[in-house]
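Enquirer: Just need the structure, nothing else, for what follows:
(one chain, ligands or ions: 1)
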Amino acid sequence: MDTLTRLEHTIAERRSADPGSSYVAQLTSRGVPVMARKVGEEAVETAVAALSGTREDLVGEAADVIFHLMVLLAAKGIPLREVMEELDRREGLSGLEEKASRSE
Ligand SMILES: N=c1c2ncn([C@@H]3O[C@H](COP(=O)(O)OP(=O)(O)OP(=O)(O)O)[C@@H](O)[C@H]3O)c2ncn1[C@@H]1O[C@H](COP(=O)(O)O)[C@@H](O)[C@H]1O
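Expert: Alright, predicted model coming up:
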């Protein structure tokens, strides 16, 4: 099982845990608006790290944004698979665009 799939399973399990001992449960109890705000904050921190932080800062912030995005997707009932399928679809589209431009 890959890292993101494992994390998705952990998040699904921890959503119903005690908010006193689980950050995922705490976010779940605070609701989608807080999760959405966290995704926004972590995305901004990722951008700042890319512009003026160290490589280590950027890796840490990128992990934070992915984690908080996955908590938000879980709360909205969207499986990671659906996002991957959208990325796969775009990969297919970009292949078609490349092929079209090569044949011009
Ligand atoms: N990947 C993470 C992860 N990344 C960051 N964090 C927590 O996210 C919080 C973010 O800190 P911030 O400084 O941004 O937020 P804050 O200001 O402390 O709090 P807010 O009021 O803004 O929420 C910290 O408490 C981190 O511990 C995470 N907490 C959990 N996970 C994963 O989720 C799993 C389940 O965690 P629990 O639900 O805690 O069991 C863990 O095993 C990990 O794999």
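
Enquirer: quick one: average pLDDT of the helix or strand hosting Met84?
Expert: Per DSSP states H and E, Met84 falls inside helix 80-102. Here helix 80-102 scores 82 as its mean pLDDT.

Enquirer: Stretch 28-44 now?
Expert: 98.

Enquirer: For that stretch, list the C-alpha coordinates in PDB.
Expert: C-alpha atoms of stretch 28-44 as PDB (Å, rounded to 0.1, in the frame of the first residue of the first chain):
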ATOM      1  CA  THR A  28     -13.400  16.700  12.300                       C
ATOM      2  CA  SER A  29     -15.200  18.100  15.300                       C
ATOM      3  CA  ARG A  30     -14.300  21.600  14.300                       C
ATOM      4  CA  GLY A  31     -15.900  21.000  10.800                       C
ATOM      5  CA  VAL A  32     -15.300  21.700   7.100                       C
ATOM      6  CA  PRO A  33     -14.800  25.500   7.400                       C
ATOM      7  CA  VAL A  34     -11.800  25.000   9.800                       C
ATOM      8  CA  MET A  35     -10.400  22.200   7.500                       C
ATOM      9  CA  ALA A  36     -10.800  24.400   4.500                       C
ATOM     10  CA  ARG A  37      -9.000  27.300   6.300                       C
ATOM     11  CA  LYS A  38      -6.200  25.000   7.300                       C
ATOM     12  CA  VAL A  39      -5.700  23.900   3.600                       C
ATOM     13  CA  GLY A  40      -5.500  27.600   2.600                       C
ATOM     14  CA  GLU A  41      -3.100  28.500   5.400                       C
ATOM     15  CA  GLU A  42      -0.800  25.500   4.700                       C
ATOM     16  CA  ALA A  43      -0.900  26.300   0.900                       C
ATOM     17  CA  VAL A  44       0.300  29.900   1.700                       C
END
